[in-house]
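# Provided below for reference: sequence and predicted model.
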Protein chains: 2
Amino acid sequence: LPKHERSFYFACVTEKGERTKELILDGAVRLASELGLEGLTIGRLAEELKLSKSGLFAHFGSKEDLQVQTLDRAAERFADVVMRPALKAPAGEARLRRLFELGMEWPRKVRQPGGCIFMASVAELDDRPGPARDRLAFHQRTWLETIARVVRSGQEAGAFRRDADPAQVASEFVGISLVWNLSHRLLRDPRAAELAHAALDRLIDGVRVRS
Amino acid sequence: LPKHERSFYFACVTEKGERTKELILDGAVRLASELGLEGLTIGRLAEELKLSKSGLFAHFGSKEDLQVQTLDRAAERFADVVMRPALKAPAGEARLRRLFELGMEWPRKVRQPGGCIFMASVAELDDRPGPARDRLAFHQRTWLETIARVVRSGQEAGAFRRDADPAQVASEFVGISLVWNLSHRLLRDPRAAELAHAALDRLIDGVRVRS
């Protein structure tokens, strides 16, 4: 677009506004990982980011709206640093392992000092009906479906057994990452990663096509 | 003890006091399963149980003390309804399966409307150093060790392979129950229990001594 066009001006303003909002939401993801989504209020976020509360109210109508947008932003970042890069690995074992490794790393890559925001929110929201709970469930289902799709692509590539149930593999995959999170973060078990990898090996062993 | 002895009188009073405290803590377990341990305050508990705040302060010096005692009471009940009954099943597969079934049922047996208090507290406390976090970690370690001990007794009974790593089995066992909790409570996945059982079957298959 030529610089003198009004539309270019508006595009820039909109882009800048979107970027600001993204930065605010990145702060919200960081904060929610520590305080939980219930602890994430507009007031607390304003304090953290040294912004005015009224400025934040312009972006988020309510605490619930902030929670939903924070989960959406986290999912966007998760897709950026976990899902999309993993899909570049060859279908089958390599892709499934890559998905696991990137999933373990993501609370460091997209800074979440209190650990994965999704894991941190499950226990909090599972019995609180409302838009935030629905959104969290949606993103968790998407994650399970992504893993199942990676299993299916491995089956299509002839790497995984055709009779393996992708939903079963996805469920066990998530179980391994949940217990890793518990052992690593709560128990500080030095064997946490080793146990997780052994479990993943066993999971993959069960679906691998023997040559 | 004869009824006219003073020691009998004191024994009754003490027993009654202990029973009262247990009932208060059962209420605290119930409440914490819904609100989280951070949401469990002496004020909120007093309201729930229709008791005076000052009466509760006589039992618990601080919110932290209440959190710790609530976790301890939950662990006591968990031992009553999960650990001890499971140990009555024959060593090996039956005992390990019983432990899993009773673990799935326990938030209904010892009423926790928001689901297992331990699972509900992990994400909340894992980054909050203090006595409640230490207590939760202690009880989670005890749980993992109990599962590992059940695996070991199965090995001693000749049911499970000697080269199986009890800590590995315990970790995967907990992973299966964590993802079951997520699928059941958050996603309301109708396949949640089926997937958990298939995962447990696969776990047991891997350690079973083939005859």
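Right, received. Where do you want to start?
# isn't residue A:179 up against residue B:174?
Yes - with contacts defined as CB atoms under 8 Å, residue A:179 counts as touching residue B:174 at a distance of 4.9 Å. C-beta here means a position set from N, CA and C on the backbone, and glycine is covered the same way.
# which of the two has more neighbours?
In terms of neighbours (other CB atoms under 10 Å in any protein chain shown), residue A:179 is the more surrounded of residue A:179 and residue B:174; the figures are 26 against 21.
# dump the residue contacts of that one.
Taking CB atoms under 8 Å, 6 or more residues apart in numbering or on different chains, we find residue A:179 in contact with A:195-196, A:199, B:171-172, B:174-175, B:178.
# hmm, which of those residues are the buried ones?
Neighbour-count burial within those applies to A:195-196, A:199, B:171-172, B:174-175, B:178; the criterion is 16 or more other CB atoms under 10 Å in any protein chain shown.
# which member of the residues you listed is positioned nearest residue B:73?
The shortest gap between residue B:73 and any of the buried ones among the contacts of residue A:179 belongs to residue B:174, at 21.4 Å (CB to CB).
# is it true that that closest one touches residue B:143?
Yes - with the criterion set as CB under 8 Å, residue B:174 and residue B:143 qualify as a contacting pair; they are 7.4 Å apart.
# between the contacts of residue A:179, which is closest to residue A:68?
Of all the contacts of residue A:179, the one sitting nearest residue A:68 is residue B:178; the distance, using CB to CB, is 24.8 Å.
# list the contacts of the closest one.
Taking CB under 8 Å, 6+ apart, one finds A:175, A:178-179, A:182, B:119 in contact with residue B:178.
# 6 Å instead, please
Contacts for residue B:178 (CB atoms under 6 Å, 6 or more residues apart in numbering or on different chains) come out as A:175, A:178-179.
# ditto for residue A:79
Residues counted as contacts of residue A:79 (CB under 6 Å, 6+ apart): none.
# that one belongs to a strand?
No - secondary structure of residue A:79 (DSSP: H, G, I helix; E, B strand; the rest coil): helix, not part of a strand.
# and chain A, which residues reach chain B?
Those residues of chain A that sit near chain B, judged by CB under 6 Å from any CB of the partner chain, are A:114, A:119-120, A:122-123, A:126-127, A:137, A:168, A:171-172, A:174-176, A:178-179, A:182, A:185-187, A:195, A:198-199.
# need the buried ones among the contacts of residue A:179 in TSV with secondary structure and distance to residue B:160, can you?
Written out in TSV, the entries for the buried ones among the contacts of residue A:179 read as follows (DSSP: H, G, I helix; E, B strand; the rest coil; distance: CB to CB, whole Å):
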residue	secondary structure	distance to residue B:160
A:195	helix	17
A:196	helix	21
A:199	helix	17
B:171	helix	15
B:172	helix	13
B:174	helix	17
B:175	helix	18
B:178	helix	22
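# now do the same for residue A:92: its pLDDT.
Confidence per residue is given as pLDDT, and for residue A:92 that number is 97.
# surely residue A:199 and residue B:172 touch.
Yes - Residue A:199 is within contact range of residue B:172, at 5.1 Å (criterion: CB atoms under 6 Å).
# tell me what the longest helix seen in chain A is packed against?
Within chain A, and with DSSP state H defining each element, the longest helix by residue count is helix A:6-35. Secondary structure elements in contact with helix A:6-35, counted by 3 or more CB pairs under 6 Å, 6 or more residues apart in numbering or on different chains; DSSP states H and E, are helix A:42-49, helix A:63-78, helix A:117-125.
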